[in-house]
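> Starting from these lines, generate the structure:
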Amino acid sequence: MTHILPLLGPLTVPLFVVTVGYGLLCWVRPFRPCRHCDGTGRTTGRVTRRPRPCRHCDYTGLTLRAGRRLANALRRLR
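Numbering: from 1, shown residues only. Predicted coordinates:
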């Protein structure tokens, strides 16, 4: 057990920093650009190639981040 302890310190600090950083990002900027329409809110049809509203983001160009979706779900459980 004592041989593993020195290895845990350098591994947990970066993981903690990344987790806290992503949590702060989800708090400050809960929305990210939609992956399907690249944040424009418009996409093209498969056959006609005519621009149409993006159905994934409801024509806003933004979707919730996964971390914010998790935070909202945990808040609703309480």
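
> For G21, what is the enclosing helix or strand?
Using DSSP states H and E, G21 maps to helix 5-28.

> Quick one: distance of that helix to the chain centre.
Mean-position distance between helix 5-28 and its chain equals 16 Å (Cα atoms, centre = their mean, to the nearest Å).

> Next one: the residue nearest the centre of the chain relative to C37, how far apart?
For the chain, R65 is the residue whose C-alpha lies nearest the centre (Cα atoms, centre = their mean; 2.8 Å). Note on R65: its distance to C37, by Cβ to Cβ, to the nearest Å, is 17 Å. Using the backbone N, CA and C atoms, a C-beta is placed for each residue, glycine as well.

> Same check on L74?
In terms of Cβ to Cβ, L74 sits 29 Å off from C37.

> between those two, who's got more neighbours?
Remark: of L74 and C37, C37 carries more neighbours, 22 against 9, as counted by other Cβ atoms under 10 Å.

> show me the contacts for the more buried one.
43, 54, 56-57, 61 (Cβ atoms under 8 Å, 6 or more residues apart in numbering).

> Only the C-alpha atoms, please, for the helix or strand of the chain with the lowest mean pLDDT, written as PDB.
The weakest-scoring helix or strand in the chain, judged by mean pLDDT, DSSP states H and E, is helix 5-28 (a mean of 88). Taking C-alpha atoms only, helix 5-28 is exported to PDB below (Å, rounded to 0.1, in the frame of the first residue of the first chain):
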ATOM      1  CA  LEU A   5       0.600   6.500  -2.100                       C
ATOM      2  CA  PRO A   6       3.400   8.600  -3.700                       C
ATOM      3  CA  LEU A   7       1.800   8.000  -7.200                       C
ATOM      4  CA  LEU A   8      -1.600   9.200  -6.200                       C
ATOM      5  CA  GLY A   9      -0.600  12.700  -5.400                       C
ATOM      6  CA  PRO A  10       0.600  13.700  -8.900                       C
ATOM      7  CA  LEU A  11      -2.400  12.000 -10.500                       C
ATOM      8  CA  THR A  12      -5.200  13.500  -8.300                       C
ATOM      9  CA  VAL A  13      -4.100  17.100  -8.400                       C
ATOM     10  CA  PRO A  14      -4.500  17.500 -12.200                       C
ATOM     11  CA  LEU A  15      -7.700  15.500 -12.200                       C
ATOM     12  CA  PHE A  16      -9.000  17.800  -9.400                       C
ATOM     13  CA  VAL A  17      -8.000  21.000 -11.400                       C
ATOM     14  CA  VAL A  18      -9.600  19.800 -14.600                       C
ATOM     15  CA  THR A  19     -12.800  18.800 -12.700                       C
ATOM     16  CA  VAL A  20     -13.100  22.100 -10.900                       C
ATOM     17  CA  GLY A  21     -12.300  24.000 -14.100                       C
ATOM     18  CA  TYR A  22     -15.000  22.300 -16.100                       C
ATOM     19  CA  GLY A  23     -17.500  22.900 -13.200                       C
ATOM     20  CA  LEU A  24     -16.700  26.600 -13.300                       C
ATOM     21  CA  LEU A  25     -17.000  26.700 -17.100                       C
ATOM     22  CA  CYS A  26     -20.500  25.000 -16.800                       C
ATOM     23  CA  TRP A  27     -21.500  27.600 -14.200                       C
ATOM     24  CA  VAL A  28     -20.300  30.600 -16.100                       C
END
